[in-house]
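> generate coordinates for the sequence data below:
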Amino acid sequence: MKLLWIAAAAVLIAAPVAAQDVANYLGSDEIIVTGSRAIEWDPDDVPVIQLERRADNLIVAVRVVNDTRDAPGRRDEITRTLRAMARAAAGRADIDLSIEDDGTLVPLTEDMVATLTLGVDQGRSDTSVASLVVKTPIREADTLDSASERIEEFVDDIAPVGRSIADISGDWQLSVINPAQYRAPILVAVAADARATSAVFGEGYAVQVEGMSNRVTWRQSGPLDLSLFIPYDMTVTPKP
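Below is the predicted model of the structure:
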């Protein structure tokens with residue numbers, strides 16, 4: 001299994017980016033939203049019609065490290081720690097524990113732990129490393145603090161074996177499940193706005209909308225919130 005190193009994500013408002021540029025595909029339909037705190041989005045680049053909604057999950061990487069000098073002992077201790085984490089996650093409805101395998105997230109079960117190939121710390125050849133992904137569903141009443149606290153409590157409650165250490169690694173990220181499902185409601189909203197615009201200008205004008213074949217795109221609009229939209233242009237021209 002490959003180790004997953006998740007890129008830094010914005011918990012503030014991030015720039016809108018094309019879907020293929022911001023997505024890590026998790027299986028077939030869950031996508032991690034990424035961005036940068038250093039980039040401010042330009043409102044002129046975002047269409048008027050957007051679908052505002054909460055993200056589906058809050059996600060973070062957890063790094064498990066063990067530096068026991070004896071190699072068999074090191075593997076035994078980190079393996080037992082990973083089994084304990086898998087058991088704990090399986091007993092909770094609000095926590096999912098996964099590993100990355102060839103670009104997809106695979107739920108980590110206790111039975112799978114023995115088959116894992118552990119990584120080696122770049123600076124210390126006698127230190128074994130495993131990187132996991134922990135996520136929690138975002139509830140309607142959640143804040144970033146309340147959602148992240150569930151993951152922090154899960155990690156803090158782990159009882160590492162021997163010299164194993166488990167720590168959160170990287171920044172908090174959001175995921176959205178099957179963003180394509182929001183295409184129809186976005187199109188309906190764009191069409192309604194086009195009709196309203198046409199009515200304002202009257203019968204002597206026509207409204208033209210282009211870009212409706214574009215994919216659903218998104219930006220992070222708040223700590224736990226997303227704006228989904230289809231990049232389009234609308235123009236009003238006099239009828240011939």
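> buried set for stretch 164-184?
Neighbour-count burial for stretch 164-184, with 16 or more other C-beta atoms under 10 Å as criterion, is recorded at 164, 166, 168-176, 179, 182-183. All C-beta spots, glycine's among them, are computed from the backbone N, C-alpha and C.
> ok, now stretch 89-109?
So for stretch 89-109, counting by 16+ other C-beta under 10 Å, buried means 89, 95-100, 105, 108.
> thinking again about what came up before, least confident pick among the buried residues of stretch 164-184?
Within the buried residues of stretch 164-184, residue 170 has the lowest pLDDT, namely 84.
> give me phi/psi at the residue nearest to residue 162 when sequence neighbours are not counted?
Once flanking residues are discounted, residue 162 sits nearest to residue 77: 3.5 Å by C-beta to C-beta, 6 or more residues apart in numbering. The phi/psi pair for residue 77 (degrees, to the nearest 10) reads phi -70, psi -40.
> from residue 127, how far off is residue 77?
Going from residue 77 to residue 127 by C-beta to C-beta, to the nearest Å gives 12 Å.
> go on, residue 229?
Per C-beta to C-beta, residue 229 is found 45 Å from residue 127.
> those two: which has the busier surroundings?
residue 229 (23 against 19; other C-beta atoms under 10 Å).
> check that one and give its pLDDT.
93.
> surely it touches residue 50?
Yes: here residue 229 reaches residue 50: they are 4.4 Å apart, a contact under C-beta atoms under 8 Å.
> between those two, what contacts are shared?
residue 186 (C-beta atoms under 8 Å, 6 or more residues apart in numbering).
> state which strand of the protein is the longest.
If you go by DSSP state E, the chain has its longest strand at strand 164-177.
> packing partners for whichever helix or strand comes after it?
Toward the C-terminus, strand 164-177 is succeeded by helix 183-201 as the next helix or strand (DSSP states H and E). Applying 3 or more C-beta pairs under 8 Å, 6 or more residues apart in numbering; DSSP states H and E, we find helix 183-201 packed against strand 51-54, strand 205-210, strand 233-238.
> go with 6 Å
Applying 3 or more C-beta pairs under 6 Å, 6 or more residues apart in numbering; DSSP states H and E, one finds that helix 183-201 makes contact with strand 205-210.
> any idea where the strands of the chain begin and end?
Using DSSP E, the strands of the chain run over residues 23-26, 30-33, 51-54, 57-66, 96-101, 104-107, 119-120, 128-137, 164-177, 205-210, 217-220, 225-229, 233-238.
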